[in-house]
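1. here you go, sequence then predicted model.
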Amino acid sequence: MTKRKGFMQRLLAAPYLVWAALFIIVPLIMVIYYAFTDKNGAFTFDNFSQIAAFTHTFTLSIWLGAVATVICLVIAYPLAYIMSRMKPRHQRFAMMLVMLPMWINLILRTYALMNIVADTGIINTMLSFVGLPPVHMINTQGAVVAGMVYNFIPYMIMPIYNVMTRIDPPVLEASRDLGGNFFQTFRRVIFPLSLPGIVSGITMVFVPSVSTFYISTKLGGTMALVGDIIEFTFIGETNYNVGASMSLILMAMILLCMLVMNRFTDGDEEGLIV
Amino acid sequence: MKTIRLLTLAVLCAVLLAACSLPAFAAPAAETLNVYNWGVYMDLGNEDGEVDVNTAFEEWYQETFGVTIKVNYTTYDTNETMYQKVAAGGAPYDIVIPSDYMISRMIREELLLELDFSNIPNYETEIAAEFKGDTWQYDPEHKYTVPYMWGYVGIVYNRNHVPEGQYNYDLLWNQDYAGKILMMNNPRDTFAIALAKNGYSLNTDDPNHWDKAYEDLQAQKPLVQSYVTDEIFDKMQSGEAYISPCYYGDFLVMRDNQADDVDLAFSPIVGQTTNKYVDCMCVPVTAQNKLAAERYMDFMCTYEMGIANANYTGYSSPLNSVKNNEGDLEYYYQEDALLYPDESVLSGYEEFLYLERTTQARMDNQWKTLKRSELGPWPYVISLGVILGAAVAYVVHKQKEKRAEILRQKAREKYAKLHPFQ
């Protein structure tokens, strides 16, 4: 009986294992293969030597991704806390408001934002309507960060909200019974318990922000982030080898950032992604 | 346990059933034709008074050959995207519509099939003579292509901010319009503008010419609002940008959609060369239904379809019947002198030719270098500050814990002294 149960379990897990092998492991191996070979398939390190010219682009991408992640965290954390303390009916409604934008495609959302922050866009039209001077927003680093926050903030709210709802009210009552005020309760109880949510939220916002290419093209004017350069290397230049080596470096840098961050958050919480 | 097994069985059955029935759903058409075209480049009858040329083809095919056919119509946004898909070989497109330089590349790489022109009788009678001689170089022997649309690049500008006039590419380097200038987001078009500005050929292989073009583009970058593809429409129509290089056909569409306080005008390039282009219907080597593809090309060369597409896209048609509007259909742009300029004007313009591999690689590299972002010192300073701050906080925290531990230890010792026998 137990043996057959094991078989059934493995059978049910099979689709995902096949999926992971086909669409995660194999592509990763291909990226590594292309990164270390030249056009004829011979082993080489040359692809990486080209990357030195793009150091600033890598740094800028990571910098903007980090800024967007911090802003997301600052907005999402209190919101998630407040949401988790609402009545269940209100919670469902608030949840829907958070998720609603996700029903719209990222490209459409970014295009819409482009029209909102443009010099002749909705915000500036309203400003001039009430007699205020226009504000130049589009084609700046700020606009790109705004685009990242706008697109990825649900990925920060969701995991934090999830861990917050799982904090037992009696735990908070216990803290208060022992004489803890709100700040002490927050620092010693709520914050440590919500850490896993923060860590996965940061990962889920930081990674797509750093590697984005659509948002920077539409909102950044002449700015190109590392995602734009990689996209052009693959599609425009058809140079898979250099493109793959850039992707690999980007992956390594993201991994490094996540490792450093995990060190600061004690590293052994559950729910870690890296 | 039993329920799980039953469920699995049910799911498996359902999957099997679905798998079996899929071909049955796709079956009703006896033949299919996979057309892969640029976006917004063919009249699909989305608005009143427009013709869905693909439906028209399906009906015509049924009537003429007695066979039902289904057109699978998909779109791409750059020649390079299309090239990738065809070169990878996975997608069995029967018709693609690349531009001149991409055609010569695909011919060289043996990605296109020779056409059987006996299936395309309209080619002989309808296509204008200039596409059959040696005016154009993309398909020198005229074996692989049937022209679909053509045009040339000029400058679109907003008359409310830029005085009316005859311009050339120097306008795109004018400091007065800093931040209001658009450029195209692909290396070939953008470099062509800088080459033309310096009086070089668009197809030069001289590295010095490309270096000079690169320097000029580098100098221009601070003036550029954005490198755009299809956003050019939104940005010009709304008045967000004032000046942009632009295909004449696109300008016609923009003018029809401009905002109230925007007044767009077009200037052909004066005193410099510019790019003229043709997009042609071709059959890639992966095609499954070449005969139907050729019949499709033939159908697109009819007067009715030509007018529908010319009205829809605003581009110049290679069909004599459309240019002269030989029938009784309405052709919106018939009176437009700039849509079919004189041969004397066009002969000064250049088509993109296949670039030598080293030239292509140099251009791609310069493009990437041009586009990479510069970064001020602030991110580094702030990052360093944050890391130092975190380190200090960590050390302070550890110190505090140590002190607390010492206090606790002392308390324990004191307790032990007070209660020595416990």
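-> Ah, there it is. Residues are numbered from 1 along each chain as shown, chains lettered A, B, ... in the order given.

2. residues of the stretch 151-300 of chain B that sit close to chain A?
-> Contact residues (CB under 8 Å from any CB of the partner chain) of the stretch 151-300 of chain B with chain A: B:179, B:185-187, B:221, B:224-227, B:231, B:234-235, B:238-240, B:259. For every residue, glycine as well, the C-beta is placed using N, CA and C.

3. from those residues, list just the buried residues.
-> Buried members of those, scored by 16 or more other CB atoms under 10 Å in any protein chain shown, are B:185-187, B:224-227, B:231, B:234-235, B:238-240.

4. now tabulate those in CSV and tack on secondary structure.
-> Listed next are those as CSV, based on DSSP: H, G, I helix; E, B strand; the rest coil:
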residue, secondary structure
B:185, coil
B:186, coil
B:187, helix
B:224, strand
B:225, strand
B:226, strand
B:227, strand
B:231, helix
B:234, helix
B:235, helix
B:238, coil
B:239, coil
B:240, coil
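
5. what two of those residues are the furthest from one another?
-> B:187 and B:239 (28.0 Å; CB to CB).

6. buried sites along the strand or helix carrying residue A:201?
-> For residue A:201, the enclosing helix or strand under DSSP states H and E is helix A:191-210. If you call a residue buried by 16+ other CB under 10 Å, then helix A:191-210 has these buried ones: A:193-210.

7. where does pLDDT dip in chain B?
-> For chain B, the stretches flagged by pLDDT under 70 are B:1-29, B:421-422.

8. 50 - rerun?
-> B:1-3, B:6-7, B:13, B:16-17, B:19-27 (pLDDT under 50).

9. the stretch 1-150 of chain A now?
-> Within the stretch 1-150 of chain A, the stretches with pLDDT under 50 are A:1.

10. before we move on, the earlier item: export the buried ones among the residues of the stretch 151-300 of chain B next to chain A to TSV and tack on distance to residue A:236?
-> Below are those laid out as TSV (distance: CB to CB, whole Å):
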residue	distance to residue A:236
B:185	10
B:186	7
B:187	7
B:224	18
B:225	21
B:226	17
B:227	12
B:231	18
B:234	23
B:235	22
B:238	28
B:239	30
B:240	25
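
11. looking at the residues you listed, spot the one nearest residue B:271.
-> residue B:224 (22.6 Å).

12. around chain B, which positions in chain A sit nearby?
-> With CB under 8 Å from any CB as the criterion, chain A meets chain B at residues A:1, A:5, A:8, A:11-12, A:53-54, A:56-57, A:59-60, A:63, A:66, A:114-115, A:118-121, A:138-139, A:217-218, A:221-225, A:228-229, A:232-233, A:235-239, A:264.

13. put the buried members of these into a ChimeraX selection.
-> Selection of buried members from those for ChimeraX, criterion 16+ other CB under 10 Å:
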select /A:54,57,59,60,63,66,114,115,118,119,120,121,138,139,217,218,221,222,223,224,225,228,229,232,233,236,237,239
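
14. which ones among the residues of chain A next to chain B map onto helices?
-> Among the residues of chain A next to chain B, the residues falling in helices (DSSP state H) are A:5, A:8, A:11-12, A:56-57, A:59-60, A:63, A:66, A:114-115, A:217-218, A:228-229, A:264.

15. and the strands in the stretch 101-250 of chain B?
-> B:146-158, B:181-184, B:224-228, B:243-247 (DSSP state E, counting those that start in this stretch).

16. so what's residue A:204 up against?
-> A:152, A:155-156, A:159, A:273 (CB atoms under 8 Å, 6 or more residues apart in numbering or on different chains).

17. got the confidence number for it?
-> What the model reports as pLDDT for residue A:204 is 93.
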